[in-house]
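> When you get a sec, could you give me coordinates for this:
(one chain, ligands or ions: 1)
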Amino acid sequence: LADQRERLDVALQAAQMGSFRWDLKSGAVDFDAHLLSLYGAAHGADPTETYSRAIDPADLAQVEADTARSMETGELRTRFRIHRPDGSSTWLESRARVYYDDAGQPDYAVGVNLDVRASIENERALVAAREAALQASRAKSAFLATMSHEIRTPLNGVVGLAAALARTGLNAHQRDLLRALLASGRALRALIDDILDLSKIEAGGMEVRSAPLSLRGLLAELTDLLGAAAQDKGLTLSWEVAPGTHDLWLGDAPRLRQVLLNVVGNGLKFTDEGAVEVVAEAAAPGVVFTVRDSGIGISDDAQRKLFRPFVQIDGSTTRRHGGTGLGLAISQQLVRHMGGEISVDSVPQEGSTFRFGVAMTRVDAELDPGPQRDEGRLPGSLRVLVAEDNPVNQLVVREQLAALGIRDAAWATDGAEAVTLAHQRAYDVVLMDCQMPTLDGYDATRRIRADGACQNAAVVALTAHATVEDRERCIDAGMDGFVTKPVGVEELAAAILQAMQRREP
Ligand code: ADP
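Alright, predicted model coming up:
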């Protein structure tokens, strides 16, 4: 017994811990010498008095509540601050076990108090450090979003005017130079989009939004977008929804499209001969997509690094094919956000298979087809109002409207002027820059909608802001469509058509 006692003594001291026994019937409390010294009390001091004098009044209610609960559960665990007679303070954690008599009544409790100040301070420092890190990450994200906006605006001028120049009489050599200029502009835009995405995801700013989607629609649209690229290389691009797999699901179509575009785009990029196939199949956690190509393949070693940002495997092929090395890193993050995983299986020189699943639930109702995609052309007789303050971008839009055969265009250089003009004539379409002096595009649209001016005009935002939130802000303000600068002529035409269809009653 003496040996055990000695060991317990050493253990309690080393742990900065003291023990107590509390008679729950008489209320008498006994502190051992360690506990008394933890409270800074003299040898032989009265425990009840020592405790009552030391505990911080702010913590009393919590300790009492925890104690009352422990009578039922049999276990006590609570924390409180104490102030010692010498003016020092600390945090104690009390842990005890409650013992019951034969009648089941709480009889006595035995437990310890331990000094947890160090761990509480650590915890607080960690919380503060985490908050600081999040803050820094948010600042980085905001910086990137701003930079992306600032770069997009002049880029719109470069790409837009280069495209306009391409429509003028040029010789073959000049056309080649322009084509290279345009390709660089588009590559720069893709890079900005990728960096913006990655920073948003890293800052935790990405949300998954679910809406009913059709697998067939999604895959057909994908082949629409990438079919030309496949044809150019003489590759077959095919897709299939596995037999027996339901078509309608609740999922985030834009994010899925982004991942598919990237993975299928890579398949086409790194395949010189043969085919790229896409299959969607119902499997846990919802739908699994398989993208198989007969391309150059990826070595085992390279497969391990593939999903890290800025990784490109073979310098020579990627230099030939372009890219940023961000696509798969972004895809992996997006897939994880959608509750799945992405993996790769590949044999060099034979081909690669990328597989990713996303969590989705089936939708059994009929899908509202929504506004149909129109293959039609824009009527040249449209009356268009353009609100744009930047002279270079005005020139870009002027050239694009001319390319679309639209002659009837009025110009406003800020939101207030746009509102005034909208009152004077019934326009069919308003192209609205979002950031303008005096009255921005959002408020101008709100005003036009509130006044009932140009009731039938489709308002399309022309903006350098590219996030989903920006899009929603435009829709909330009463706009019908949205295009992100730099805008191509076809893209602009498609956005106007779609917005007009949405506007139609
Ligand atoms: P990038 O923008 O460079 O395509 P990704 O993250 O999408 O960036 O891809 C990273 C690298 O992985 C590519 O540069 C390429 O080397 C390799 N890779 C991706 N997909 C394939 C594929 N289907 N076949 C062969 N290599 C691929």
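
> How far off centre is the lengthiest helix in the chain?
Looking across the chain with DSSP state H, the single longest helix is helix 117-166. Mean-position distance between helix 117-166 and its chain equals 13 Å (CA atoms, centre = their mean, to the nearest Å).

> So what touches stretch 238-247?
Stretch 238-247 is contacted from outside by 214-216, 219-220, 222-223, 275-282, 287, 362, using CB atoms under 8 Å, 6 or more residues apart in numbering. Where you see a C-beta, it was placed from the backbone N, CA and C, and this is true even at glycine.

> and the longest strand for this structure?
For the chain, the longest strand by residue count, based on DSSP state E, is strand 89-100.

> Need the residues that contact that strand.
With contacts defined as CB under 8 Å, 6+ apart, strand 89-100 is touched by 20, 22, 24, 38, 56, 63, 70-71, 73-84, 106-117, 120.

> One more pass at 7 Å, please.
By CB atoms under 7 Å, 6 or more residues apart in numbering, the residues outside strand 89-100 that reach it are 70-71, 74-83, 106-117, 120.

> ok, back up a step: inside strands: which ones of the contacts of stretch 238-247?
Checked against DSSP E, the contacts of stretch 238-247 include these in strands: 214, 275-282, 287, 362.

> which of the residues you listed lies closest to Q424?
Proximity of these to Q424 (CB to CB) peaks at S214, which lies at 43.6 Å.

> The closest one contacts L248, correct?
Yes: if you go by CB atoms under 7 Å, S214 and L248 touch, sitting 5.8 Å apart.

> List, out of the ones in strands among the contacts of stretch 238-247, those positioned next to the ligand.
Checked against the ligand using CB under 6 Å from any ligand atom, the ones in strands among the contacts of stretch 238-247 give no members in range.

> Any of those buried? List them.
214, 275-282, 287 (16 or more other CB atoms under 10 Å).

> want to try JSON lines for those residues, with distance to I406 as columns?
Shown next, in JSON lines, are these (distance: CB to CB, whole Å):
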{"residue": "S214", "distance to I406": "34"}
{"residue": "A275", "distance to I406": "41"}
{"residue": "V276", "distance to I406": "38"}
{"residue": "E277", "distance to I406": "41"}
{"residue": "V278", "distance to I406": "38"}
{"residue": "V279", "distance to I406": "43"}
{"residue": "A280", "distance to I406": "40"}
{"residue": "E281", "distance to I406": "46"}
{"residue": "A282", "distance to I406": "46"}
{"residue": "V287", "distance to I406": "42"}
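
> which one in those is the model shakiest on?
Lowest in pLDDT among those is S214, which has 91.

> Distance of that residue relative to the ligand?
Distance of S214 to the ligand, computed by CB to the nearest ligand atom, to the nearest Å: 26 Å.

> residues near the nearest residue to that residue once chain neighbours are set aside, how many?
Excluding the flanking residues, the one nearest S214 by CB to CB, 6 or more residues apart in numbering is D247, at 5.3 Å. Around D247 there are 15 other residues, counting by other CB atoms under 10 Å.

> cool, L1 as well?
Neighbour count of L1, defined by other CB under 10 Å: 5.

> Quick one: the strands in the stretch 351-500 of the chain, in order.
351-359, 361-362, 384-387, 409-412, 429-433, 458-463, 481-484 (DSSP state E, counting those that start in this stretch).

> any idea which of the ones you listed is most buried?
By mean neighbour count, with neighbours taken as mean count of other CB atoms under 10 Å, strand 429-433 ranks first of those at a mean of 28.

> Give me the contact list for that strand.
382, 384-389, 397, 418, 422, 441, 444-445, 454, 457-463, 479, 496, 500.

> and the angle for the following helix or strand past the longest strand of the chain with strand 89-100?
Following strand 89-100 in sequence order, the next helix or strand is strand 106-115 (DSSP states H and E). If you take axes from the mean of the first three to the mean of the last three CA atoms, to 10 degrees, strand 106-115 sits at 160 degrees to strand 89-100.

> who does strand 106-115 touch, helix- and strand-wise?
If you count contacts as 3 or more CB pairs under 7 Å, 6 or more residues apart in numbering; DSSP states H and E, strand 106-115 packs onto strand 17-23, helix 33-38, strand 89-100.

> quick one: buried residues of the longest one?
What that stands for is strand 89-100. Neighbour-count burial for strand 89-100 flags 90-94, 96, 98 (criterion: 16+ other CB under 10 Å).

> Adding pLDDT and distance to the ligand, write these out as a markdown table.
Formatted as a markdown table, these follow (pLDDT from 0 to 100; distance: CB to the nearest ligand atom, whole Å):
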| residue | pLDDT | distance to the ligand |
| --- | --- | --- |
| T90 | 95 | 52 |
| W91 | 95 | 48 |
| L92 | 96 | 53 |
| E93 | 96 | 49 |
| S94 | 96 | 54 |
| A96 | 96 | 56 |
| V98 | 96 | 59 |
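
> so where's the stretch 351-500 of the chain shaky on pLDDT?
365-376, 466-468 (pLDDT under 70).

> Now the single nearest residue of it relative to the ligand: closest residue in space that isn't a chain neighbour?
Using CB to the nearest ligand atom, S352 is the residue of the stretch 351-500 of the chain that sits closest to the ligand, at 4.2 Å. In space, S352 comes closest to S346 once its chain neighbours are excluded; the distance is 3.8 Å by CB to CB, 6+ apart.

> tell me the contacts of that neighbour?
S346 touches 297-298, 303, 352-353, counting by CB under 7 Å, 6+ apart.

> now swap in S210 and tell me
S210 sits next to 250-252 when contact means CB under 7 Å, 6+ apart.

> Out of those, which comes closest to A45?
Taking CB to CB as the measure, A45 lies nearest D252 of the contacts of S210, at 65.1 Å.

> now that closest one: how far from the ligand?
According to CB to the nearest ligand atom, D252 and the ligand sit 20 Å apart.

> any idea which of the ones in strands among the contacts of stretch 238-247 is closest to E491?
Nearest to E491, judged by CB to CB, of those is S214 at 23.2 Å.

> so how far is the ligand from A242?
Taking CB to the nearest ligand atom as the measure, A242 falls 21 Å from the ligand.

> go on, P348?
Distance of P348 to the ligand, computed by CB to the nearest ligand atom: 9 Å.

> Pull the contacting residues for that residue.
So P348 contacts 297-299 (CB under 7 Å, 6+ apart).

> again with L182
Going by CB under 7 Å, 6+ apart, L182 touches 159, 162-163.

> Please apply the same query to R308.
R308 makes contacts with A329, as judged by CB under 7 Å, 6+ apart.

> any idea how far Q332 is from it?
9 Å (CB to CB, to the nearest Å).
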